[in-house]
Structure formats: structure tokens, C-alpha cells
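**Student:** Predicted model, plus sequence, below.
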Amino acid sequence: MHQHAALKLMLGGLQGEVGHLPAASFAPETVRSLKCDCGRRGHIAAISSGPAIPRVACALGLVKNVCPITELDVFYDNEEGRLLLRTIVEPIAQIVRCVCTLQPHTDLIGIGGGVPAGIGEAYKQELMRQLSAESSYADGMRTRSTRIMIVGDHEVSPEIGAQILITEKFQIQK
């Protein structure tokens, strides 16, 4: 059993696949207008997903040609790596801000997917750095009260949440 497998589903919880929502980003237009794998432009997945990282690096001018991620020295301690990490994490930080603003009592947010899990601690540190930068009156309270976890594929499953809703084991109360 994994250490996070015992997390309880609480009333009022949220779960979602956010990759195809519009990305909130201050990145250059060349990044914000990148195509998502679904064919549309400006989605979170177009900036923050694994397949997007080489395209983002190219759009930022960090590399001349789109290349496999394994060929990019992206997350080493250099300015180009920090710029790329900052850019791909920003849409996720903005979605966390939105969730915490709309649900101010959120106490735990799990960030899943191959990119956060693969990059690991550097990803979480950048996410926390962006969340600690106050951009509204609500930011100070949120960063102190909301726990952020980077979870692996074995720890998160949107299909289970959907199944619970369908079988009425979890009821939404107003």
C-alpha cells in the first residue's frame, strides 16, 4: 500500500483533468499560442504537459529545433532551465490559485501526471515559489493553509472518482 493511498474522500472535494482548460500565463505569445495535442491552442497541456516541453523550449528560444526532452538540459541549475521550469509550472500554479480562491477551505491539492512526478522536487519547489508570490489579497492565507502533494500515476485515478459518482457511493450535497 502506498503512503498516500489512505487519503479519504471528503465532502466538497474536487477532482479534475485540467489539461484542456485555457492556460493562464504571462509567457510570451509564442508560448501561449502553442497547439495542444488535441489541435486547439492555448490549453494548459500545450504548455505544461510532457510532449509540450520541447515545443515550449523552442518557443522561448532556448533551443533551435524541437527535440526530445531527453536531449534538453532543462532542469539543471542554469537560467534557461529555470525559465523553462517557471513557464511550464505557471499554468498549474494559476489553476491552484483559482481552486483555492473558489474553495478557500481547501486543505490538500494533489498534482498528478508524468511531468510533476518526473521532475519531482524541483517542480514542487517552483510551484511553491510561484504560489508564495502574492498576486491578490487571498494569496497569503492560502499558501499557509493548503498542502500541495505531487502524486504519481499509482496514487491518482480520475476513473475511480467518476466510478464513485456513477454508482452513487458519493453524493453531492448542497
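**Tutor:** That came through, no problem.

**Student:** residue ranges of the helices in this protein, please?
**Tutor:** Using DSSP state H, the helices of the chain run over 29-32, 45-48, 52-59, 79-102, 114-119, 121-132, 139-145, 158-166.

**Student:** Leaving out sequence neighbours, find the closest residue to R86.
**Tutor:** E126 (6.3 Å; C-beta to C-beta, 6 or more residues apart in numbering). The C-beta positions use only the backbone N, C-alpha and C, and glycine is treated the same way.

**Student:** out of everything not next to it in sequence, what's closest to A24?
**Tutor:** Leaving aside its sequence neighbours, A24 sits nearest to Q94 (C-beta to C-beta, 6+ apart; 3.8 Å).

**Student:** From what I see, the one you found and L21 are in contact.
**Tutor:** No. Contact criterion C-beta atoms under 8 Å: Q94 and L21 do not qualify, at 9.9 Å.

**Student:** Who has more neighbours out of those two?
**Tutor:** Q94 (19 against 16; other C-beta atoms under 10 Å).

**Student:** before we move on, back to that, which residues touch the residue nearest to A24?
**Tutor:** When the contact criterion is C-beta atoms under 8 Å, 6 or more residues apart in numbering, the partners of Q94 are A23, A24, S25.

**Student:** now F26
**Tutor:** For F26, the contact set (C-beta under 8 Å, 6+ apart) comprises E90.

**Student:** tell me which of the contacts of Q94 is nearest to T101?
**Tutor:** A24 (12.0 Å; C-beta to C-beta).

**Student:** any weak-confidence spans in the protein?
**Tutor:** The chain contains residues with pLDDT under 70 at 1-16, 67-77, 138-145, 153-174.

**Student:** Now do the contacts for the closest residue to C98 other than its chain neighbours.
**Tutor:** Spatial nearest neighbour of C98, chain neighbours left out: A24 (7.7 Å); criterion: C-beta to C-beta, 6+ apart. A24 sits next to E90, P91, Q94, I95, C98 when contact means C-beta under 8 Å, 6+ apart.

**Student:** What is the burial count for the residue nearest to R86?
**Tutor:** So E126, with other C-beta under 10 Å, has 21 neighbours.

**Student:** Perfect, I'm done here.
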